[in-house]
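S.K.: below are the sequence and a predicted model; questions follow.
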Amino acid sequence: MWGGHSCPPCLWQRGMVIIRVMSDILLQMAHLFKLSAGPFLSLWAIRYNADWDYKSSPSAKSLRWSMVLLGYFLGCSLPGRSLAWVRLLAGLTGLCFLCWPNFAYHLDRLLREWPTAEGTIVSSHEEERGRSISYNFNFSGQRYGGIAYLMETGDRVLADGTTVLVRYDPYNPDNSKLDLR
């Protein structure tokens, strides 16, 4: 026994230092969340009234809150003046993901592949910027569609009525794209 403790003094002191440092970081993070409440609530009210937010998948929600916590943690925990810009950038990144959840939606969209459905070309015609292709597909008993602009279609013929593969967001089926691979 070392002074009433079952571990050597150096381990006990290190443990107390770690607890104190983590406590300070958590207090600073709580302060950042308190400061973020005003911008978050203001932007939430605007986004809610304008119906700007996409429905987020569980992975996008996890990504959002992970980015908020990581940004705030790094913003509060990195030591030294030389890392001030990194702390600022990390904190601002956390604030951006907190106040604008569509960042997480778009990042998640880049990281995972959407499911596919069989679609049909409704119309296809040449425009100045390439070929305009209107298509539709069915998902959960409802018909959705979109327009794709292609610079070139290769050897593939995309006439009206042609069957194509469509990738769609299952949480926001109005967001879709042609998969012409």
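M.R.: Everything's here; your move.
S.K.: low-scoring stretches of this structure, by residue?
M.R.: Applying pLDDT under 70 to the chain flags residues 1-9, 11-12, 152-157.
S.K.: remind me, longest helix of it?
M.R.: helix 9-50 (DSSP state H).
S.K.: that one packs against which elements?
M.R.: Taking 3 or more C-beta pairs under 8 Å, 6 or more residues apart in numbering; DSSP states H and E as contact, the helices and strands that helix 9-50 lies on are helix 58-77, helix 84-99. Using the backbone N, CA and C atoms, a C-beta is placed for each residue, glycine as well.
S.K.: columns distance to residue 37 and mean neighbour count on top of the ones you listed, output as JSON lines?
M.R.: Formatted as JSON lines, the helices and strands packed on helix 9-50 follow (distance: least, C-beta to C-beta, whole Å; neighbours: other C-beta atoms under 10 Å):
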{"stretch": "helix 58-77", "distance to residue 37": "13", "mean neighbour count": "18"}
{"stretch": "helix 84-99", "distance to residue 37": "10", "mean neighbour count": "17"}
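S.K.: show me the contacts for the residue positioned nearest the centre of the chain.
M.R.: With distances taken as C-alpha atoms, centre = their mean, residue 104 lies nearest the centre of the chain, 1.2 Å away. By C-beta atoms under 8 Å, 6 or more residues apart in numbering, the contact list for residue 104 reads 56, 60, 61, 63, 64, 67, 97.
S.K.: over to residue 177?
M.R.: 114, 146, 148, 166, 167, 168.
S.K.: mind checking how far stretch 84-103 is from the chain centre?
M.R.: Mean C-alpha position of stretch 84-103 versus that of the full chain (C-alpha atoms, centre = their mean, to the nearest Å) differs by 12 Å.
S.K.: please read the previous query as pertaining to stretch 81-98.
M.R.: In terms of C-alpha atoms, centre = their mean, the centre of stretch 81-98 is found 17 Å from the chain centre.
S.K.: still on that earlier bit, taking the contacts of residue 177, please make a ChimeraX selection of just the buried ones.
M.R.: To isolate the buried ones among these in ChimeraX, judged by 16 or more other C-beta atoms under 10 Å, type:
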select :114,146,148,166,167,168
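S.K.: just put the contacts of residue 177 in JSON lines and tack on distance to residue 128 and secondary structure.
M.R.: Compiled in JSON lines, the contacts of residue 177 are given as follows (distance: C-beta to C-beta, whole Å; DSSP: H, G, I helix; E, B strand; the rest coil):
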{"residue": "114", "distance to residue 128": "29", "secondary structure": "coil"}
{"residue": "146", "distance to residue 128": "20", "secondary structure": "strand"}
{"residue": "148", "distance to residue 128": "16", "secondary structure": "strand"}
{"residue": "166", "distance to residue 128": "25", "secondary structure": "strand"}
{"residue": "167", "distance to residue 128": "26", "secondary structure": "strand"}
{"residue": "168", "distance to residue 128": "28", "secondary structure": "strand"}
